[in-house]
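Enquirer: Fold the following.
(one chain, ligands or ions: 1)
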Amino acid sequence: MVIGVELRPGCKRVSYSTTDRNLCARWRLCPACEDVRARRMQAKIARRLQHEVDWANDVGWDLKVGILTTTLPGKESAIRQAGLEQQVDYLCSRTTLPGYTGWHSMRGLNTKLKEWGVMGGSHHIEFTNTSGNWNCHMHSVLVGFENDWNVPLKDCAKWSEWNDDLTMKLVPEKLEVMTRSNKRELSPLGLGRIYTLDVAHEDELARPVRYAAKVSYVTKAMDVKKFNVGLRGEVSDFLAGKPTRTGGRSYPRLARSFGSWSNNPADMLLD
Ligand SMILES: [Zn+2]
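Expert: Predicted coordinates for the structure are as follows:
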């Protein structure tokens, strides 16, 4: 007799194999599996950052790491009334860029980041809906070297003190984030003027695992309970993806690496 077992506390799926480590499909909106996904992503970022820290130490250069949060344009913009899928497509779209030739991914943000001396990193798209409208925004891990770093955005987050207790559970500290406004750099890309940029302190980079835990808002699990029933349908449909011409299925990519982070060994890839 085969008995179904709950795979992990709170998981919606019942498995008939104790060795089953698969996560629920995203469209199921399983809080337990979303949580595992978020923690796996956090571990990947920590591993990737450790790799960068080790490399920087080897070559004797100073590493610089920041988390940039970008938003959609202000309420006067039509995209703010759009559906979830359209908003995500908007943030990821390939666009032309004034003063540049060709097409540029992520609305030109990747091109700008490269220009600003950011070597690589990853984008993580998050969406909330508390007012009836979707509100997509993006957290991006930016990695570069101090000497190249020329990001024309101000560091604007104040972290509360990190409790240096090795036995403590790694819980992100409550942030005191000061948003800033920048018309010149982000608006031409079609992004909102409002942003935050948190640059890591030197001592934080000494321990990437801890740093990744601290900035876990980057990879925060989707809070399924926050979506009302009507919205859950839209989220589920969106995450279920679309059939491709070749008979497969394409799923929305809510995490994307760029620059040096997108051409590395498979275990370093974030998406
Ligand atoms: Zn599950």
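
Enquirer: tell me the SS of the closest residue in space to Val218 that isn't next to it in sequence?
Expert: Using CB to CB, 6 or more residues apart in numbering and skipping residues adjacent in sequence, the residue nearest Val218 is His139, 4.2 Å away. Every C-beta, even on glycine, is put in place using the N, C-alpha and C of the backbone. What DSSP: H, G, I helix; E, B strand; the rest coil gives for His139 is strand.

Enquirer: and what of the one 4 residues further on?
Expert: Per three-state DSSP, the local secondary structure of Val143 is strand.

Enquirer: swap in Gly121?
Expert: On the three-state scheme (three-state DSSP), Gly121 is labelled strand.

Enquirer: returning to that earlier point: looking at the residue nearest to Val218 now. What's its pLDDT?
Expert: You'll see His139 listed with a pLDDT of 94.

Enquirer: For it, give its distance to the ion.
Expert: Going from His139 to the ion by CB to the ion, to the nearest Å gives 24 Å.

Enquirer: That residue and His124 touch, don't they?
Expert: Yes. Assessed by CB atoms under 8 Å, His139 is found in contact with His124 at 4.8 Å.

Enquirer: Overlap of the contact sets of those two?
Expert: Listed as contacting both His139 and His124 by CB atoms under 8 Å, 6 or more residues apart in numbering are 218-219.

Enquirer: low pLDDT regions in the stretch 51-200 of the chain?
Expert: 157-178 (pLDDT under 70).

Enquirer: could you redo the last one with a cut-off of 80?
Expert: For the stretch 51-200 of the chain, the stretches flagged by pLDDT under 80 are 130-131, 156-179.

Enquirer: Please see if the helix or strand where Glu34 lies touches the ion.
Expert: In the assignment (DSSP states H and E), Glu34 maps to helix 31-59. Yes. Using CB under 5 Å from the ion, helix 31-59 comes into contact with the ion via 32-33.

Enquirer: ok, now which ones touch Ile79?
Expert: Contact partners of Ile79, counting by CB under 8 Å, 6+ apart, are 72-73, 86-87, 90.

Enquirer: Go again with 6 Å.
Expert: 72, 90 (CB atoms under 6 Å, 6 or more residues apart in numbering).

Enquirer: what do you get for the one 5 residues further on?
Expert: With contacts taken as CB under 6 Å, 6+ apart, Leu84 has the following neighbours: 127, 134, 234, 238.

Enquirer: what's the closest of these to the ion?
Expert: Closest approach to the ion among the contacts of Leu84 (CB to the ion): Phe238, at 18.0 Å.

Enquirer: Please verify my assumption that the closest one contacts Gln86.
Expert: No. With contact defined as CB atoms under 6 Å, Phe238 does not reach Gln86; the gap is 10.0 Å.

Enquirer: out of the two, which sits in the busier spot?
Expert: With neighbours defined as other CB atoms under 10 Å, Phe238 and Gln86 compare such that Phe238 has more, 19 against 14.

Enquirer: residue boundaries of the strands in the stretch 51-200 of the chain?
Expert: With DSSP state E, counting those that start in this stretch as the criterion, the stretch 51-200 of the chain has strands at 63-71, 118-128, 135-145, 157-158, 176-177, 180-181, 194-199.

Enquirer: can these go into CSV with extra columns for mean neighbour count?
Expert: Converted to CSV, the strands of the stretch 51-200 of the chain look like this (neighbours: other CB atoms under 10 Å):
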stretch, mean neighbour count
strand 63-71, 22
strand 118-128, 22
strand 135-145, 22
strand 157-158, 14
strand 176-177, 12
strand 180-181, 13
strand 194-199, 21
